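Undergrad: Build the 3D model from these lines:
(6 chains)
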4 protein chains.
Amino acid sequence: MGVYERQQREKKILEAAIQLFGEKGLHVSTMADVARKTRISKGLIYFYYKSKEDLYLALTKKGMDELKELFNKSFGKPKEKTGLEIMTTLVEGYLSFAREKAVFHDALLDFLSVLDSYQVQREKVSPLILESPYFTKLLQSHHDLAKLGIKAISMGIQDGSIRPDLHAESAFYTLWSMMIGYTKVTGSVSLEPGDIKINAESWKNGFLKLFFEILKGSNTPFKSQPVQGKLF
Amino acid sequence: MGVYERQQREKKILEAAIQLFGEKGLHVSTMADVARKTRISKGLIYFYYKSKEDLYLALTKKGMDELKELFNKSFGKPKEKTGLEIMTTLVEGYLSFAREKAVFHDALLDFLSVLDSYQVQREKVSPLILESPYFTKLLQSHHDLAKLGIKAISMGIQDGSIRPDLHAESAFYTLWSMMIGYTKVTGSVSLEPGDIKINAESWKNGFLKLFFEILKGSNTPFKSQPVQGKLF
Amino acid sequence: MGVYERQQREKKILEAAIQLFGEKGLHVSTMADVARKTRISKGLIYFYYKSKEDLYLALTKKGMDELKELFNKSFGKPKEKTGLEIMTTLVEGYLSFAREKAVFHDALLDFLSVLDSYQVQREKVSPLILESPYFTKLLQSHHDLAKLGIKAISMGIQDGSIRPDLHAESAFYTLWSMMIGYTKVTGSVSLEPGDIKINAESWKNGFLKLFFEILKGSNTPFKSQPVQGKLF
Amino acid sequence: MGVYERQQREKKILEAAIQLFGEKGLHVSTMADVARKTRISKGLIYFYYKSKEDLYLALTKKGMDELKELFNKSFGKPKEKTGLEIMTTLVEGYLSFAREKAVFHDALLDFLSVLDSYQVQREKVSPLILESPYFTKLLQSHHDLAKLGIKAISMGIQDGSIRPDLHAESAFYTLWSMMIGYTKVTGSVSLEPGDIKINAESWKNGFLKLFFEILKGSNTPFKSQPVQGKLF
DNA sequence: AATGAATGAGTCTTCATTCAT
DNA sequence: TATGAATGAAGACTCATTCAT
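TA: Numbers count the residues shown, from 1 in each chain, chains lettered A, B, ... in the order given. Okay, the predicted model is just below:
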């Protein structure tokens, strides 16, 4: 009954949800599954999370925080890395994250969709989402994330590793878009029959080449490609 | 009883589904809704579409075809446009499509997810999807779409409007990724509070600038920006 | 449109039903299945058979007739066989029939159930059954069947091959009961674990022994067992 | 919430099913009927019974157990009865059971059919049946039942009331077959028109005569017929 | 005579959520 | 605080039968 135990339980539920939603998918998993997996009664689960959406948002929040942590770590120690190096670490990390923690990345994208509806017409968003305490927190985390990415690019511009004519904010969102799109498209690329000359690996290389070209400008066309070489 | 009437009904059902799924979302809409909206009996709906998934794939196919049509039209009359101009029309069209016909675009992305599962482990894809006649058709349409995009870039490389060092296939997928990502991210950009200096418009401009930079190379840094100017 | 063609079609439908109901079961098979299999439209099927029950009763009738035919054939040429020999052929035939044409035998038992309800409370029998022209015909065929069996026993009593103190009618029904029960029970006998000393073969032998003992009396306890030996 | 209440509800549902399935038949009755009759929500019915098949197997189990109980009671106190007397009580009981509790007897026969399929090809049996916890229990109960019947005959052989040359196992199954067949055939006997000299009563007598003849041997042809006299 | 599109009541089943204990 | 039994609306889908053409 102590605060600690309560937090432990909350965490346990969340972790079960992460596993379950990750393996079977959100719609296929049920609250009963979560209860069974945690050995915690359904009633108590509803004490900690007000609805299934609330639980899902909690999961989203955790994913967002892990991503933020990953962004943070990409900076390394102060002055250790150039902005471009930070960005390199960051893409690498992001793409791994999207692949290995697909539940989180999917949840994040779902949240972006919610944000879209929210902005267009607040009423279209389910009350269960709006009422969740995680919704506001998520709004903040999402913002923090963007700020970190923008900061990395700004640093690169400052230290000369990234071309100076870039608008950091737009550039960050563009690069983020690219990465999101990459995760969406990558599965279908390998299915292309022979008449399209591409395969998973060549496409990834091509993608990264263009990604970094945006950061560096194409007149520095990868003479030495340490960045690309390091990736993955 | 004529073939014509049959096609009319089939179309009517599909159109109701497009509206319904578009407004309320796939999961929230029911086959009963579709029946009610069309004033067609549930049984008959199942006569035309073997399952809800089948209907959704039909919708996806229609979306894919509209997109293909849009791609095709972007080429204009033979020799009328440069590859770069074609690409300009194409992004413009794609982004409008994604915004105005969001159901279709969402369905397309869902299909890409299916393709991902399909490639990793065929069994993970629901039989209802695999058994739908639209599945194979969709495979083809998706392929056609990619070929068209690649063709446009190849043409640009040929006619000198697009930089020659581009690998057309990778470039197309990268640019497509960007556009997909753009549609996912764009809704949340406008929600950013003041401390991030960006708004919907500036971000779109930034995005397009980088998009075309990839095609043209950054050493032609938008002196005259006719392309960008035309957009939207 | 000739009478002949009509009969052909009727037969074709019936045969499809026999196959279908036999393979998948009555409840699992649909009228649409029948239509598909025969390449005859549903509407026309309903022209020949007024309802699914009607079709099933037609099937039942055909089974009953085949059984009657089998009974008839068991008699052989006039004076060729003793009553006991006839009965021997008859059991043999009946058990093969029940095994190899299980649809027919099941249908026959279903009909006996209907008769049961009919006798207890006429209203409990579905109108679809009562209205079928096959119902009355079935009543007659069923009666014919019984008469044939009784006749065989009577002949045996006359010719001395069957014990004289038997009441032919009761004996026939009893022996028929035995055979019906045999077909119901036989599948589960082989599943008995080792602590019940029986297997499919020993039980069949035991069954037949007692079956014929009823006909011959136990004081002729199978010294020579030609009858038993011949079976199957 | 107590265990007792739970069992009460479970029982209530089962009893409603027994009535419903008995009156209208399994296929005609619906789970909604059961819910309505018990005033228990559909969801809760599915909480107690995982599927309609599960509920039907539960019913079958109850029937099997009642029959087992009946078999057990037939033995009376130790050494009180001869094997033959036990068998007498047993047939009497069985036939009453089959008549008065027809749902149970029908369910039992359905189970025998399942066993048949199970033995021929396990896959042909619906997963809903195989997954029911009652399936295994039923396998055991069915076995117990057979053992009891065999035991009664063995006892009779020991105490001299039943002829010694009988193979108890085969004899039991044969006699069981007879009884099953009797229940199937009996309804149609009374419908026979006058030209077949039989009626319900005479046929029952004839049946029982032969039944006991199998047990006693025909050279003891019912001089004193206390056994027969007692029946019904 | 022949078709097969059309009906719609009915089937089993699921699951987020609540609440008496 | 904790349970898990209870709810009931909703879901996808089926199929015997009819009838306009």
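
Undergrad: ok, now which ones touch residue A:141?
TA: Contacts here follow Cβ atoms under 8 Å, 6 or more residues apart in numbering or on different chains; on that basis residue A:141 touches A:61, A:64-65, A:68. The C-beta positions use only the backbone N, C-alpha and C, and glycine is treated the same way.

Undergrad: what's the farthest-apart pair in those?
TA: In the contacts of residue A:141, two members sit farther apart than any others by Cβ to Cβ. They are A:61 and A:68, at 10.2 Å.

Undergrad: Looking at the two, which has the bigger crowd around it?
TA: Set residue A:61 next to residue A:68 and count neighbours by other Cβ atoms under 10 Å in any protein chain shown: residue A:61 wins out with 24 against 16.

Undergrad: that older thread, which among the contacts of residue A:141 are in contact with DNA strand F?
TA: Restricting the contacts of residue A:141 to those near DNA strand F by Cβ under 7 Å from any atom of the strand leaves nothing, as none qualifies.

Undergrad: anything in the longest helix along chain A near DNA strand E?
TA: Counting by DSSP state H, the longest helix found in chain A is helix A:133-159. No - on the criterion Cβ under 7 Å from any atom of the strand, helix A:133-159 is out of touch with DNA strand E, staying 13.9 Å away.

Undergrad: May I see the buried residues of that helix?
TA: Within helix A:133-159, the residues that count as buried by 16 or more other Cβ atoms under 10 Å in any protein chain shown are A:134-135, A:137-139, A:141-157.

Undergrad: For residue A:78, which three-state class applies?
TA: Reducing the assignment at residue A:78 to three states with DSSP: H, G, I helix; E, B strand; the rest coil gives coil.

Undergrad: dump the residue contacts of it.
TA: Residues near residue A:78 by Cβ under 8 Å, 6+ apart: none.

Undergrad: ok, and the residue nearest in space to the middle of chain A, which helix or strand is that part of?
TA: Per Cα atoms, centre = their mean, the C-alpha nearest to the average position across chain A is that of residue A:105, at 4.7 Å. Remark: residue A:105 resides in helix A:102-120, with elements defined by DSSP states H and E.

Undergrad: Which strands and helices lie in contact with that helix?
TA: Identification of packing neighbours for helix A:102-120 by 3 or more Cβ pairs under 8 Å, 6 or more residues apart in numbering or on different chains; DSSP states H and E yields helix A:3-24, helix A:52-74, helix A:83-100, helix A:133-159, helix B:168-189.

Undergrad: Single out the most deeply packed of the ones you listed.
TA: helix B:168-189 (a mean of 24; mean count of other Cβ atoms under 10 Å in any protein chain shown).

Undergrad: May I see the helices and strands packed on helix A:102-120 organised as JSON lines, with mean pLDDT added?
TA: Shown next, in JSON lines, are these (pLDDT from 0 to 100):
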{"stretch": "helix A:3-24", "mean pLDDT": "92"}
{"stretch": "helix A:52-74", "mean pLDDT": "97"}
{"stretch": "helix A:83-100", "mean pLDDT": "96"}
{"stretch": "helix A:133-159", "mean pLDDT": "95"}
{"stretch": "helix B:168-189", "mean pLDDT": "95"}
